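Q: predicted model and sequence follow; I will ask about them next.
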Amino acid sequence: MSIKVAKFGGSSLADAEQFRKVRSIVEADRSRRYIVPSAPGKRHPQDHKITDLLYQCYDHVQQGLSFADIFSLIADRYLGIIRELGLNLDLAPTLEQIKNEIAAGATLDYTVSRGEYLNGLILANYLGFEFVDPATLIFFDTQGHLAIEKTQTMISKELTPKKYAVIPGFYGSTLDGRVQTFSRGGSDITGALIARGVEADLYENWTDVSGFMMADPRIVKNPKPIEQITYRELRELAYMGASVLHEEANFPVREARIPIHIKNTNRPTDPGTLIVKDNGELKRPGSITGIAGRKGFTIIAVEKTLMHSELGFGRRLLSVIENNGISFEHMPSGIDTISLVIADTQLNNKLDKVLAEIKRDCQPDAIDVFHDIALIATVGLGMAYTPGIAGRLFSALSEVNVRMIDQGSSEINIIIGVENKDFEEAVRRIYHAFVE
Ligand code: ASP
């Protein structure tokens with residue numbers, strides 16, 4: 001039988017009703033053997049996430065304030081879920097113990113990890129699966145980095161003999177036994193590590209959306225879902241826009257060639273998005289996989305006649321921005337021009353200083369600055385080596401003022417720069433040029 005690891009996010013376990021959905025998903029496929037829960041998330045937009053409340057408890061203790069009211073909200077959430085599910089589980093003593101530990105100055109990581117810990121106890125009881133504390137499986141070294149080899153060995157040794165288990169997300173422990181968490185949203189990483197350690201065939205990531213869409217639904221009406229995407233394509237898209245997965249969640253499963261399936265707990269029959277390793281097969285030639293973009297960039301265009309034959313020009317230019325602690329996104333160039341595309345958040349109020357230093361060190365003929373630029377990435381393996389793609393893209397944009405064009409050498413991504421005000425319109429035009 002194949003092995004699946006299923007991670008359920010906070011909204012998938014926000015209340016008893018969601019727990020019921022999770023159980024029917026788990027029971028529908030007996031190869032879902034290792035289940036990784038997050039802490040309960042929001043039930044409605046004004047609601048609190050349990051993890052956020054735990055952060056508040058810690059802050060209150062640090063400031064010498066009472067955290068009893070906040071802790072009651074937490075305890076009531078869990079006790080309510082247990083009551084509504086009719087479970088034979090007395091969580092009160094554990095809650096009391098955790099409250100005392102927090103009051104006695106437990107560490108931040110320990111405090112906030114309890115959201116997943118408690119949810120894991122409840123889910124294990126509800127599913128009839130064994131509870132396994134990730135503090136015994138996932139380890140961090142003395143520098144605070146994941147001790148990947150020890151972690152993989154322990155997961156494989158401890159979990160493989162168990163048929164079914166619930167392992168809370170978000171935390172592990174240091175080599176000397178203190179709880180340490182990942183960064184926020186880190187249960188995705190736990191799921192990926194478990195999938196790798198047990199050599200799963202599939203890592204399912206259950207959330208509240210049906211995977212990735214080809215474009216942002218706030219811009220394009222009813223965009224098509226992406227049913228399959230490679231890690232490389234995803235990286236290009238995620239870099240440019242919203243993403244469903246924690247960034248670091250990819251690497252353990254990517255290396256092991258385990259696909260990730262993003263699925264919707266509230267619509268389990270939706271196909272979702274399958275993330276796979278690029279197997280070298282070309283997708284449908286001429287197709288694109290997705291479009292993503294961001295606003296808020298500045299282009300600094302530097303011009304100098306015979307720049308291409310001047311030794312060290314590029315280095316001097318880049319040294320200026322490096323010395324100002326600025327990183328750049330793209331650097332399209334022509335014979336006598338180089339442009340630097342820089343996120344406004346990087347530039348802050350350093351622009352005047354940077355321009356003065358470029359003038360001093362590079363002696364350019366002209367420098368132009370374009371503000372309020374948005375970047376749009378059109379991504380797809382199906383674009384590579386396919387004639388006519390760029391033509392189609394640019395005829396779609398014939399009425400939009402395109403300020404920059406950049407195509408990575410991998411040919412799976414064409415990036416264009418437009419003015420912020422044209423951003424949404426440009427995304428819609430590109431989408432409709434390729435879809436239907
Ligand atoms: N509960 C943690 C957070 O809110 C981790 C997670 O949900 O993945 O960040």
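A: Yep, that arrived.
Q: what segments of the stretch 301-436 of the chain are helices?
A: 313-323, 344-347, 351-362, 389-396, 423-434 (DSSP state H, counting those that start in this stretch).
Q: out of these, flag the one nearest residue 329.
A: For these, distance to residue 329 was read as C-beta to C-beta. The smallest value, 8.6 Å, belongs to helix 344-347. No exception for glycine: its C-beta is placed from N, CA and C like everyone else's.
Q: how deep is the nearest residue to residue 390 once chain neighbours are set aside tucked in, by neighbour count?
A: Nearest residue to residue 390 in three dimensions, chain neighbours excluded: residue 414, at 6.5 Å (C-beta to C-beta, 6 or more residues apart in numbering). Residue 414: 21 surrounding residues under other C-beta atoms under 10 Å.
Q: ok, now how distant is residue 414 from the ligand?
A: 33 Å (C-beta to the nearest ligand atom, to the nearest Å).
Q: what about residue 379, how many residues close to it?
A: 27.
Q: hang on, it packs against residue 293?
A: No: using C-beta atoms under 8 Å, residue 379 is not in contact with residue 293, being 10.7 Å away.
Q: state the distance from the one residue in the stretch 301-436 of the chain that gets nearest to the ligand to residue 326.
A: Going by C-beta to the nearest ligand atom, the ligand is nearest to residue 345 of the stretch 301-436 of the chain, at 22.5 Å. Distance of residue 345 to residue 326, computed by C-beta to C-beta, to the nearest Å: 10 Å.
Q: the more surrounded of those two?
A: residue 326 (18 against 8).
Q: now that one: closest residue in space, sequence neighbours ignored.
A: Leaving aside its chain neighbours, residue 326 sits nearest to residue 346 (4.9 Å; criterion: C-beta to C-beta, 6+ apart).
Q: what does residue 175 give?
A: residue 139 (6.1 Å).
Q: can you give me the neighbour number for that neighbour?
A: Counted by other C-beta under 10 Å, the residues lying close to residue 139 total 21.
Q: export the helix or strand harbouring residue 275 as CSV, just CAs?
A: Assessed by DSSP states H and E, residue 275 sits inside strand 273-276. What follows is strand 273-276, C-alpha atoms only, in CSV (Å, rounded to 0.1, in the frame of the first residue of the first chain):
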residue,chain,number,x,y,z
THR,A,273,-2.8,21.4,-7.4
LEU,A,274,-0.2,18.7,-7.7
ILE,A,275,3.4,19.9,-7.4
VAL,A,276,5.9,17.6,-9.2
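Q: touching it from outside, list them.
A: Applying C-beta atoms under 8 Å, 6 or more residues apart in numbering, the contact partners of strand 273-276 are 210-212, 225-231, 234, 250, 259-262.
Q: next, the buried residues of the lengthiest helix in the chain.
A: Ranked by number of residues, the top helix in the chain under DSSP state H is helix 108-127. By 16 or more other C-beta atoms under 10 Å, the buried positions in helix 108-127 come out as 109-127.
Q: so who does residue 107 touch?
A: 178-179.
Q: mind listing the strands for the stretch 251-400 of the chain?
A: For the stretch 251-400 of the chain, the strands defined by DSSP state E, counting those that start in this stretch cover 260-264, 273-276, 290-303, 337-343, 366-379.
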